[in-house]
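In: Pasting the sequence and the predicted coordinates here, then a few questions.
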Amino acid sequence: MSEPTVGAASPAAVSADRRAGSRAPRPTLRSLGLPPGKLARLKRLLYSHGPGGGTLLVLPIDQGLEHGPADFFTNPDSLDPSYQYALARDGRFSAIALHIGLAEKYFHEYAGDVPLILKLNGKTAIPPDGQAFSALTGTVEDAVRLGADAVGYTVYVGSPAQDRDIRQLLDVRTEADRFGLPLIVWAYPRGDAVSKKGGRESLYAIDYAARVALELGADVVKVNYPVPSEKDAESPPPYNTLHLGHDAAFRKVVQSAGRALVLVSGGEKVSDPELLAKVRSSMDAGATGIIFGRNLWQRPREDALRLTRELHAIFREYAQAP
Amino acid sequence: MSEPTVGAASPAAVSADRRAGSRAPRPTLRSLGLPPGKLARLKRLLYSHGPGGGTLLVLPIDQGLEHGPADFFTNPDSLDPSYQYALARDGRFSAIALHIGLAEKYFHEYAGDVPLILKLNGKTAIPPDGQAFSALTGTVEDAVRLGADAVGYTVYVGSPAQDRDIRQLLDVRTEADRFGLPLIVWAYPRGDAVSKKGGRESLYAIDYAARVALELGADVVKVNYPVPSEKDAESPPPYNTLHLGHDAAFRKVVQSAGRALVLVSGGEKVSDPELLAKVRSSMDAGATGIIFGRNLWQRPREDALRLTRELHAIFREYAQAP
Amino acid sequence: MSEPTVGAASPAAVSADRRAGSRAPRPTLRSLGLPPGKLARLKRLLYSHGPGGGTLLVLPIDQGLEHGPADFFTNPDSLDPSYQYALARDGRFSAIALHIGLAEKYFHEYAGDVPLILKLNGKTAIPPDGQAFSALTGTVEDAVRLGADAVGYTVYVGSPAQDRDIRQLLDVRTEADRFGLPLIVWAYPRGDAVSKKGGRESLYAIDYAARVALELGADVVKVNYPVPSEKDAESPPPYNTLHLGHDAAFRKVVQSAGRALVLVSGGEKVSDPELLAKVRSSMDAGATGIIFGRNLWQRPREDALRLTRELHAIFREYAQAP
Amino acid sequence: MSEPTVGAASPAAVSADRRAGSRAPRPTLRSLGLPPGKLARLKRLLYSHGPGGGTLLVLPIDQGLEHGPADFFTNPDSLDPSYQYALARDGRFSAIALHIGLAEKYFHEYAGDVPLILKLNGKTAIPPDGQAFSALTGTVEDAVRLGADAVGYTVYVGSPAQDRDIRQLLDVRTEADRFGLPLIVWAYPRGDAVSKKGGRESLYAIDYAARVALELGADVVKVNYPVPSEKDAESPPPYNTLHLGHDAAFRKVVQSAGRALVLVSGGEKVSDPELLAKVRSSMDAGATGIIFGRNLWQRPREDALRLTRELHAIFREYAQAP
Amino acid sequence: MSEPTVGAASPAAVSADRRAGSRAPRPTLRSLGLPPGKLARLKRLLYSHGPGGGTLLVLPIDQGLEHGPADFFTNPDSLDPSYQYALARDGRFSAIALHIGLAEKYFHEYAGDVPLILKLNGKTAIPPDGQAFSALTGTVEDAVRLGADAVGYTVYVGSPAQDRDIRQLLDVRTEADRFGLPLIVWAYPRGDAVSKKGGRESLYAIDYAARVALELGADVVKVNYPVPSEKDAESPPPYNTLHLGHDAAFRKVVQSAGRALVLVSGGEKVSDPELLAKVRSSMDAGATGIIFGRNLWQRPREDALRLTRELHAIFREYAQAP
């Protein structure tokens, strides 16, 4: 690889220019009471790879299953998973997150260079998702066997199928505890009941989802950024009358997640300034990092690497000791 | 912690001023035929922690899952689970009750100081609960691993999903028997059929729920205080014509629970006099203790500790030998 | 216990006055091809306890789960399970039948005096039972651990949920075979389809239920006494035109049960003459015994013991050698 | 037993008078590639018991479960399973087929005299069978323990519940393979979709069912004899325009069953000439034998034995070497 | 076998005439990161049997289960599975693919001559397939026991039952990984939601299905050839406006399958030129081979062998080294 790659931030390099004022603290690894296996692996993700300094920059590539190949049309190169793997390696991401098939068939070429988060459940977007539920596509043992450093699980908070989901998460969480693998929970409000209470982007729903992930045992929780809208009026009190701004709303979500580290998801592709503002707002609110897929790999490689360098620069500002 | 903490009642300190007249007896540990593990742990909860003297003062913090973060708005400090843990420790509660996530991430700082009741199942309040069912969020093995002194399970008595619930409870009960962990059953009437027969707060429903918990093997049963209303007329006979007062109705419930120790739940926040009256009425009826969450941690810390001291004082009046 | 208790019939004391003429034979233990564990335990129930002479007099106390505490209002003493245990002991019943909770919390005081039949599944009466199904509340291993002499299982014959029921019964039967515990099947017609074919008290339904229990492996089957009514016209042929009297109808049911010993259930409380006539009719028809709950424990203790003595006297007339 | 019993055909006694012309061949045991356990047991059924010469004459007695005791009214003696057992023994049947209860309670008196086929799943006729599914009533291990020579399983081909059925059959087939027990599949078209495509007696449905049994691993398949009717016009092509006669239609079914040996079921009681004609037609078409229940045990014993002798005589004509 | 059989292509014999220009590459075995068991078996299928040179020519015979015997009317010889086995052997196919019953009863005569792909799940065509789901008919252990070289699994992408399907596939994939058996996924869009989004033959659906198979861990994916139609307008963007030709559309599908080798299914019988054109188009697009059933065995044997020779000739053009 002759291209310039992005350097990982060493904690020592993190310095004085941090705006301490309005920043919310984020949990230190030390505070989490983690067993050794989880601690070792989280340290690897948070300090030895990616931007370091206790932050996370994750590249997800599960959209082929979740959305279908449509997401790859914008940047045809991205249809080949090698594109994302190489991007994750050359952009020095903390980890790449994907399902068993892309792990078994491609990871062997990047093992040791890019940490792996094995996503353990998923579904297609074809049937309606009023009863959303993601079945297991892999196991914690698969993750151990492949040398992954964490596992990912999507829980659809509020779905009528939540009983099966909570139970399935229990099984995954128990195995993750057994093998010492950090558990990253994609906490997504979903389903008919959510739609009637303000929708999946409401603060009500996202705030609730973050807390559910914490209570169910997530080590890290991936949440969406809440989007205030008129539909918030349909949320239960006090959410229906809160009227928080974007930043305050997200800060609330991070607080609800407690000692679960927070990853912000990127969602659909937006402009660079919007994206970077979202990152700063998230980190200021106490998030530990971001998990951006389409906003990165839907760009041409050079553009994506340039943006990644900018993200590294921002993350350096938020470095903290373990 | 420099704040004054509440002292645990020693049985010896419990004295002559007990009003014996109208008091219903409560089961002694000796009468329960418990295996050694359950006996050891229940003695710890009933005599070595909290008010002691065979009583229970439990602080639950599962509302983040069951109701969402909305419950924490009244007292923003309460959003951080450390608040409740510290309250349970400094207020000398018999135990704190919560789900796996809050146990794994926070309990390590309080282990040895606050006994833990690991709540093993739950659900969110987002979907309608006509078919209420709480899936497992943790296991009895988790409880053993974490050093918990009891496990909690919610059974929705009367729900159309009762078959899955009874079966799931069997699995939990069997494991709890195997490991000698006391089983505390949250016995809640719920579901469409309950609504048609007087509702979840009717004596019919709560009385039935208490008995179900006993028959299914609860060591301790958590019940709500029945609320007489016009809807009682829709209950099956003889409940539709009983017209018992609050105290008599609750006494009935305690009798139906037989040798399952009774915990009264607090429900929504009420005024101090109402709360204390409810406690005395419950203990007079033969309850073993209370499990009050929002009525305590929705208050500022000093206020909560003051009220806790008053509760300790009441509990001392009801102390009995094992 | 200073009260006079009822003596068990010894086979030797069973004598000449038996009306042999119209009596249907009942299966001998010898004919059943039982493995040693089942044989030993059934002999204990049929010959060493209760009226003896190969008969069964069982006291069930599962109504708190199946009907709710409402059944205990008639005789408030009966709300405390100790009442039924003492009645079973002092009335020399063959066994008491109940769920795990009442076994774990109370049986230790009566172990060795009253044989235990652990009922292994149940449900509440709260939801409608068009799809009736009773989930497991206990296991055969529980029964072994507690020293029970048999297990009980309710199958809802004809329920739309029959597939789950048959399968669950398989699991119980397999374990009962493994541990040598006699299997007593509560064979109850139930569900929407039964209602359309003459109802749960029709000969059609009860006759079918008895046979199903036999074919599925019951050692003993508990049936209700069929009640001829106009609804029989809705039963499939030939039942819709049979018009058998009570005695002949029940005799038919006993024959359909084949080598499964038949227990007659008591149902709601009736007058003494009605009750005793039902017992004689049942025994004449080839039943092995009765399982009467409300008809006994809804009476005051002395009244119940007096009636129990009368039942013993009748049973002595039907004694037979193993 | 002083009554004359029917002698088993020895292959040597099978002779020259076989009409070879129009007869379809039937699979030899040698061609089936069977593992030793299956081979030993099938040889016992096909050559050492019953008519021998590679044929099967099976007496089923599962109607008490499948239809209820109504089937026993025609011949009241038949209500007692001993009747069928004695008939199977004295009529020298190849085997008797029944559920666990009738095996555990009665087979011990006939073990060694009558081979046993343990039927492993069943259901009652009470609920409508648009979603027909038969749950397990016994296990392959039960069959091994009881000394059975084969197991029976009903698959409802075309039922909307076919996914559960196919899966359950997998479990049974796997165990049967493990223990070397021949698997006899009752292949019955059933359910709403079948009704709309010509019905359960159509060639379309029965032909499909026979093939499904073959593909799913049946060693022997029990099929009904197709009944041409106007409803065939609703079957998918080419069945809707085939218009085969009875004999040709059945021959087609036997061919579709491939190397699964074919048993023809008897269905409702018909006249002797009809019955014998059906047997000859079946054997000419390549069937291995018949499984007739009601047509035999709904007759008085002497009549049934007489007919059985006639069946033996026919079967002798179709003997073949292994 | 005196008939001329088709010779397998040796890589050395594969030569210069390959049109390299428009051909899409296909994955080499080396690139797949396969464990030894999978590698050994795939090499056997791709190089030691069939046309060789890294191609696959598979003969499926699961239509008896999936469609019923109707498919065998065109060529009555094909009703006997021996027909397909002999065709696979004499036509030197890479493998034959079928269910457990046809494997256990017939494969012993062809073992060592024709590699076996054991198809592990299936269903009948009788019920409507809006909720399509194929239950397991066999296990990976069956495949190991029988000496199969791969297993096949049908996933109905987009079916409302996808959660059960994905989970079931997980179980199969896990076992296949454990035993080192290559996993061939039949990736079929199916179900009500697919019908509303362009249908099962749309590029949208097939493209999505190919990717799902890759992400879920398929080693080989069997797809249908997309058929452009007016219904594509109902597909989600960008598919609703793509308007790709046949060749370009299929090339897209192969790319979406990534490192899962692609097999093209034959579907209904078409003319020879159409068939051969489809094969060339598929191989040009990067497919690894074809799985044609009806197009081959619905022909008379000589005709089928002649066509097979033509296919071998084409495949030789596409040989590549491992």
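Out: That came in fine, so what should we check first?
In: Just to be sure, residue A:214 is in a strand?
Out: No: going by DSSP: H, G, I helix; E, B strand; the rest coil, the assignment for residue A:214 is helix, not a strand.
In: how many neighbours does it have?
Out: By other Cβ atoms under 10 Å in any protein chain shown, the residues close to residue A:214 number 28. C-beta coordinates here come from the backbone N, C-alpha and C atoms, glycine included.
In: can you pull the pLDDT of it?
Out: With respect to pLDDT, residue A:214 scores 98.
In: That one: what's it in contact with?
Out: Applying Cβ atoms under 8 Å, 6 or more residues apart in numbering or on different chains to residue A:214 gives the contacts A:221, A:256-260, B:64, B:101-102, B:105.
In: hmm, try it at 7 Å
Out: Neighbouring residues of residue A:214 by Cβ atoms under 7 Å, 6 or more residues apart in numbering or on different chains: A:221, A:257-258, A:260, B:101.
In: again with residue A:163
Out: By Cβ under 7 Å, 6+ apart, residue A:163 lies in contact with B:123, B:133, B:135.
In: what's the burial count for the nearest residue to the first one once chain neighbours are set aside?
Out: Meaning residue B:123. Once flanking residues are discounted, residue B:123 sits nearest to residue B:134: 4.6 Å by Cβ to Cβ, 6 or more residues apart in numbering or on different chains. Close neighbours of residue B:134, defined as other Cβ under 10 Å, add up to 29.
In: same thing with residue A:268?
Out: As a burial measure, residue A:268 scores 8 neighbours (other Cβ under 10 Å).
In: What strand or helix carries whatever residue of the stretch 151-300 of chain A ends up closest to chain C?
Out: Here the stretch 151-300 of chain A gets closest to chain C at one residue, residue A:163, 15.1 Å apart by Cβ to the nearest Cβ. For residue A:163, the element it lies in under DSSP states H and E is helix A:162-179.
In: Now do the contacts for the residue nearest to residue B:123.
Out: B:121-123, B:154, B:156.
In: roughly how far apart are it and residue E:257?
Out: Distance, residue B:134 to residue E:257, using Cβ to Cβ, to the nearest Å: 42 Å.
In: Please apply the same query to residue A:104.
Out: Distance of residue A:104 to residue E:257, computed by Cβ to Cβ: 14 Å.
In: same check, this time on residue A:307
Out: Look at residue A:307 and residue E:257: by Cβ to Cβ, they are 29 Å apart.
In: one step back: which members of the contacts of residue B:134 are the farthest-apart pair?
Out: Using Cβ to Cβ, the contacts of residue B:134 span at most 11.5 Å, a distance reached by B:122 and B:156.
In: Around chain B, pick out the residues from chain A.
Out: Contacts of chain A with chain B, taken as Cβ under 7 Å from any Cβ of the partner chain, map to A:32-33, A:157-158, A:160, A:162-163, A:166-167, A:170, A:174, A:191, A:193-194, A:197, A:207-208, A:211-212, A:214-218, A:236, A:238-239, A:255-256, A:258-259.
In: phi, psi of residue A:263?
Out: Backbone torsions of residue A:263, given as degrees, to the nearest 10, read phi -110, psi 140.
In: so where do the strands sit in the stretch 101-250 of chain A?
Out: For the stretch 101-250 of chain A, the strands defined by DSSP state E, counting those that start in this stretch cover A:116-119, A:121-122, A:135-136, A:150-157, A:183-189, A:220-223.
In: now for those strands, which one comes closest to residue C:228?
Out: The closest of the strands of the stretch 101-250 of chain A to residue C:228 is strand A:135-136. By Cβ to Cβ, the value is 52.5 Å.
In: What strands flank the closest one, and is each parallel or antiparallel?
Out: Strand A:135-136 sits in its sheet next to strand A:121-122 (antiparallel), going by DSSP bridges.
In: chain center to the partner strand, what's the gap?
Out: How far strand A:121-122 lies from its chain's middle: 14 Å, per Cα atoms, centre = their mean, to the nearest Å.
In: thinking residue A:260 is in contact with residue A:212, fair?
Out: No: judged on Cβ atoms under 7 Å, residue A:260 makes no contact with residue A:212 at a distance of 10.1 Å.
In: which one of the two has more residues nearby?
Out: Counted by other Cβ under 10 Å, residue A:260 and residue A:212 do not tie: residue A:212 has more neighbours, with 34 against 30.
In: Can you tell me how far the more buried one is from residue E:240?
Out: Residue A:212 is 36 Å from residue E:240, by Cβ to Cβ.
In: do the same with residue A:301
Out: 29 Å.
In: returning to that earlier point: would you list the contacts of residue A:163 in TSV and tack on distance to residue D:78 and neighbour count?
Out: Listed next are the contacts of residue A:163 as TSV, based on distance: Cβ to Cβ, whole Å; neighbours: other Cβ atoms under 10 Å in any protein chain shown:
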residue	distance to residue D:78	neighbour count
B:123	53	21
B:133	46	23
B:135	49	20
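In: can you redo those residues as JSON lines with pLDDT?
Out: Output for those, formatted as JSON lines (pLDDT from 0 to 100):
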{"residue": "B:123", "pLDDT": "98"}
{"residue": "B:133", "pLDDT": "98"}
{"residue": "B:135", "pLDDT": "98"}
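In: Out of these, which comes closest to chain E?
Out: For these, the nearest to chain E is residue B:135 (15.2 Å; Cβ to the nearest Cβ).
In: quick one: contacts for that closest one?
Out: Each residue near residue B:135 by Cβ under 7 Å, 6+ apart is listed here: A:163, A:166-167, B:121, B:123.
In: Show me what it bridges to in the sheet.
Out: Note on residue B:135: beta-bridge partners residue B:122, judged by DSSP bridges.
In: Looking at the stretch 101-250 of chain A, which residue is nearest chain D?
Out: Residue of the stretch 101-250 of chain A nearest chain D, by Cβ to the nearest Cβ: residue A:135 (15.2 Å).
In: my guess is residue A:205 meets residue A:188, correct?
Out: No: counting by Cβ under 7 Å, residue A:205 does not reach residue A:188; the two are 9.0 Å apart.
In: neighbour count winner among those two?
Out: residue A:205 (29 against 25).
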